[in-house]
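>>> Generate coordinates for the sequence data below:
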Amino acid sequence: MRTRPRKNDEPRYAAAVDEHDRTLQSLRTVPVASPGRQRARVVVLAGDRPGRKLPVESVLHLGRSSSSDLHIDDEQASRRHARIARSSGGYFLLEDLGSRNGTRVNGERVTGSVALTFGDRIEVGETVVLFAHHDPLEEQLLERHKLEAIGRLGTGIAHDFNNLLGAITASLDFLAELDGATRLDDAEVSACLEDVRHAGDRAAELTRRLLGFARRTHRRPAAVNLSRLVGELHGLLSRTFDRSVAIELDAAPAVHVVGDRGQLHQLLMNLAINARDAMPKGGSLRLVLRHAAETDLGALPYRDHDAYVLLEVTDSGVGMDEETRKRIFEPFFTTKSPEGGAGLGLATVYEVIDTHGGHVQVETAKGAGTTFRIWLPAGTREGVTTDTADHLESLLRWDRSHALRVLLVDDEVLMRRSAKRLLVQFGHTVEEAADGIEALARFDDGQPWPDAVVLDINMPRLGGVETFDQLRQLDPTLPVIFASGYLERDLETRLLARGAVAVLEKPFKVEVMRGLLAAVVPRAEREG
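The predicted structure follows:
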């Protein structure tokens with residue numbers, strides 16, 4: 001096969017590519033396809049973070065450089081190692097970019113460029129990448145099932161929210177009818193306030209769990225505390241599943257994997273819903289998580305990682321016969337009624353396990369319940385991006401207090417009014433703004449500038465992130481605390497990296513905001 005020239009002469013390079021395309025077409029190496037009809041992606045099979053998937057549009061660079069589309073953390077990889085590009089004829093070509101250790105396709109070293117076909121394996125050092133067909137319908141089906149799963153949880157969620165709202169309104173009605181002479185430290189008053197706080201905390205927790213499940217999952221893999229995730233699921237299921245289903249949890253602490261938190265949450269939720277549906281008259285659901293022992297690993301068909309974690313989800317339901325068990329991971333296969341589901345739940349489970357480089361086995365029998373055993377490559381806490389919870393732990397150690405001028409920016413009047421009430425109670429002076437434009441107007445030369453800003457993220461006219469950018473131009477040292485009712489973790493990480501003091505999820509706790517503001521140095525001291 002002909003090799004291609006280096007890309008140092010654009011006209012000559014383009015002509016060589018076209019000539020290469022014509023040669024391939026004449027040899028009929030690859031069926032001709034228009035660029036608009038062929039969709040491709042790469043899937044990491046072995047190496048750093050197996051299971052990663054990236055679409056290939058016009059060009060995709062592979063290498064050790066952080067700017068590479070597919071970053072390969074492998075000492076044998078060059079910074080710009082290779083690239084996959086779509087040619088004018090619709091083919092996908094792999095070109096080695098003069099790498100130090102070379103690139104191999106299906107075991108053969110590439111000396112220049114080579115045409116790829118779906119199923120080819122690309123080797124860069126110890127990293128193996130599969131070149132595969134990409135069907136956008138797959139992502140749509142996953143999103144459809146996610147919505148389906150949320151809908152099927154709706155009854156339980158509505159029941160739980162109504163109970164929480166009932167507790168809150170009953171307590172407030174009781175307080176409203178008390179005699180005017182009743183003191184705030186009265187035992188019944190304290191009990192009512194504690195019930196309202198507890199109900200609010202439970203409702204906020206439930207909302208966070210649902211948002212974590214519903215969010216799209218196009219995120220970079222990271223270290224995930226699976227013990228914490230399973231614990232969160234246990235709490236959610238305990239409040240949403242029928243009380244006839246007993247839910248047991250046996251999770252070892254600090255079990256970590258490397259992956260996508262949203263996808264792993266979806267995997268757990270789908271298994272739990274499937275188990276619940278297998279127990280129409282009630283039963284038991286048991287979740288077990290531990291580091292896999294050597295005896296556990298003997299059941300694996302093959303091992304491409306040194307260590308694994310083992311997750312077991314066991315139900316006492318109706319079980320399955322052998323014929324059904326063989327088909328449960330097929331998309332659209334279901335034993336339920338048309339109203340019961342589209343048959344995507346376990347197909348999604350298998351997809352998530354596969355993309356994370358894991359394995360799954362199913363043990364079941366008719367009338368004897370079912371156990372799903374899932375092995376996932378073990379991860380560590382090393383390299384975990386510091387999240388807001390860890391960030392706050394250090395900030396809350398501050399015990400000093402200042403009377404600050406605080407600018408509170410939020411488009412929701414009720415939220416602004418209640419937050420202002422708290423901040424004033426802390427001893428601070430509070431100014432309000434309904435959006436970013438009003439907030440920036442407070443920085444006119446004729447007005448005293450605030451010591452700190454509490455800033456909502458989602459607002460009309462000018463949102464929180466855009467407002468933050470302009471505030472940083474006015475005063476790079478201005479302490480800004482973000483608050484949002486819907487928080488994307490990727491955005492949280494970016495805002496913290498750009499200098500935000502903290503990123504809070506509403507409703508935030510009183511002691512958290514008090515501690516954050518206690519750590520703020522007043523403007524007069526900063527400038528003096």
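>>> Check the contact between residue 479 and residue 453; I expect there is one.
Yes - counting by C-beta atoms under 8 Å, residue 479 touches residue 453, with 7.2 Å between them. All C-beta spots, glycine's among them, are computed from the backbone N, C-alpha and C.
>>> who has more neighbours, these two?
Using other C-beta atoms under 10 Å as the criterion, residue 479 and residue 453 rank with residue 453 on top: 27 against 23.
>>> helix or strand for that one, which one?
strand 452-456 (DSSP states H and E).
>>> Which strands border that strand, and is each parallel or antiparallel?
The strands that strand 452-456 pairs with in its sheet are strand 405-409 (parallel), strand 480-484 (parallel) (by DSSP bridges).
>>> what are the C-alpha coordinates of the last one, in CSV please?
Taking Å, rounded to 0.1, in the frame of the first residue of the first chain, the C-alpha atoms of strand 480-484 are listed here in CSV:
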residue,chain,number,x,y,z
VAL,A,480,-18.0,34.4,44.5
ILE,A,481,-20.1,31.6,45.9
PHE,A,482,-22.3,29.8,43.3
ALA,A,483,-25.7,28.2,44.1
SER,A,484,-27.9,26.3,41.8
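>>> list the buried ones in it?
Neighbour counts using 16 or more other C-beta atoms under 10 Å place 480-484 of strand 480-484 among the buried residues.
>>> just stretch 518-528 next, same as before
Applying 16+ other C-beta under 10 Å to stretch 518-528 flags 518-520, 523 as buried.
>>> try stretch 433-445
Here stretch 433-445 shows 433-436, 438-440, 442-443 as buried, counting by 16+ other C-beta under 10 Å.
>>> Farthest-apart pair in the residues you listed, please.
The two members of the buried residues of stretch 433-445 with the most space between them (C-beta to C-beta) are 434 and 443, at 15.7 Å.
>>> So for residue 348, what pLDDT did the model give?
On pLDDT, residue 348 comes in at 73.
>>> now do the one 4 residues further on
You'll see residue 352 listed with a pLDDT of 81.
>>> quick one: secondary structure of it?
Three-state assignment for residue 352 (DSSP: H, G, I helix; E, B strand; the rest coil): helix.
>>> ok, it touching residue 266?
Yes - taking C-beta under 8 Å as the definition, residue 352 is a contact partner of residue 266 at 6.5 Å.
>>> Show me the common contact partners of these two, please.
Common contacts of residue 352 and residue 266, defined by C-beta atoms under 8 Å, 6 or more residues apart in numbering, are absent altogether.
>>> show me the residues around residue 81 that make contact.
Contacts of residue 81 (C-beta under 8 Å, 6+ apart): 62-64, 68, 72, 96-97, 99, 103, 124.
>>> top of those by neighbour count?
Neighbour tally across the contacts of residue 81 (other C-beta under 10 Å): the maximum, 28 neighbours, falls on residue 62.
>>> Surely residue 247 forms part of a strand?
Yes - counting by three-state DSSP, residue 247 is found in a strand.
>>> ok, it - how many residues close by?
18.
>>> pLDDT score for it?
Residue 247 is given a pLDDT of 91.
>>> ok, now which ones touch it?
234, 237-238, 241, 284-287.
>>> how about the helices in the stretch 351-500 of the chain?
For the stretch 351-500 of the chain, applying DSSP state H, counting those that start in this stretch gives helices covering 388-395, 413-425, 436-441, 464-474, 489-497.
>>> Mind putting these into CSV with distance to residue 224 and mean pLDDT?
Shown next, in CSV, are those (distance: least, C-beta to C-beta, whole Å; pLDDT from 0 to 100):
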stretch, distance to residue 224, mean pLDDT
helix 388-395, 14, 45
helix 413-425, 31, 86
helix 436-441, 34, 92
helix 464-474, 26, 91
helix 489-497, 11, 78
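>>> Of these, give the one that comes closest to residue 259.
helix 489-497 (13.5 Å).
>>> what's the offset of the closest one from the middle of its chain?
13 Å (C-alpha atoms, centre = their mean, to the nearest Å).
>>> need the next SSE after that helix, C-terminal direction.
strand 502-505.
>>> What are the contacting residues of the strand holding residue 453?
404-412, 415, 419, 423, 439, 464, 467-468, 471, 478-484, 501, 513, 517, 520.
>>> Where does pLDDT dip in the stretch 101-250 of the chain?
135-160, 163, 205-206, 208-222 (pLDDT under 70).
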